[in-house]
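**Q** build the 3D model from these lines:
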Amino acid sequence: MHRSKNKGIVISRSVGRSFFSFHIRLYVQYPQFYQLWQDFERKHSAELALYEAAVRYLEKLKANGEEITPKKWQAEADRLKAEKSVQCQKMKAMREDIKAVENLKKTAEQLVRTETEPARKKEEQEL
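**A** Numbers count the residues shown, from 1 in each chain. All right, here's what the predicted structure looks like:
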């Protein structure tokens, strides 16, 4: 038995060694786990940012004393889903407009090329 100098607690040497060896193993493995955590943070930075924003929002509600009820959350979720749907429809319409404009641009470029090619051929023949 070994008597601890600081607290007068009796610890067997085998328990002390196993405790010490456990901590040494953790210390040795720490860089590996730290690297894994950094990789995880890098891959999921957007999700972690959203999570932290949600935590801040909930903490703010909690600090203000505002009640958080499932009905309010469901209503807010439904409103956001409807807003997303409207925004997606607008985006799809914009994409269609962009495609139409790009087609017009291509057609105009082809017309310009076909009009300038005969003029170039005439100039080359005259030289």
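**Q** for the rest of this, base every contact and every neighbour count on C-alpha atoms.
**A** Fine.
**Q** residues near Glu76, how many?
**A** Burial of Glu76 is recorded as 12 neighbouring residues (other CA atoms under 10 Å).
**Q** figure out how far the helix or strand it falls within is from the centre of its chain.
**A** Assigned by DSSP states H and E, Glu76 belongs to helix 70-126. Its chain's average C-alpha position is 27 Å from that of helix 70-126, according to CA atoms, centre = their mean, to the nearest Å.
**Q** mean confidence for it?
**A** What helix 70-126 shows for mean pLDDT is 89.
**Q** and it, what does it pack against?
**A** Where contact means 3 or more CA pairs under 8 Å, 6 or more residues apart in numbering; DSSP states H and E, helix 70-126 is not packed against any helix or strand.
**Q** please report how far the most centrally placed residue in the chain lies from Glu52.
**A** Residue closest to the mean C-alpha point of the chain, counted by CA atoms, centre = their mean, is Ala46 at 2.0 Å. Counting by CA to CA, to the nearest Å, the separation of Ala46 from Glu52 is 10 Å.
**Q** again, but for Lys92
**A** Note on Lys92: its distance to Glu52, by CA to CA, is 31 Å.
**Q** just name whatever secondary elements the helix or strand where the residue nearest to the centre of the chain lies is in contact with.
**A** Element membership for Ala46 (DSSP H and E) is helix 45-64. The contact analysis (3+ CA pairs under 8 Å, 6+ apart) places helix 45-64 against no helix or strand.
**Q** that one: how far from the chain's middle?
**A** Using CA atoms, centre = their mean, the offset of helix 45-64 from its chain centre is 15 Å.
**Q** how about residues contacting it?
**A** Glu41, Glu67, Ile68 (CA atoms under 8 Å, 6 or more residues apart in numbering).
**Q** now do stretch 36-44
**A** Stretch 36-44 is contacted from outside by Leu48, using CA under 8 Å, 6+ apart.
**Q** 7 Å instead, please
**A** With contact meaning CA atoms under 7 Å, 6 or more residues apart in numbering, stretch 36-44 is reached by no other residue.
**Q** tell me the mean pLDDT for it?
**A** Mean predicted confidence for stretch 36-44 is 93.
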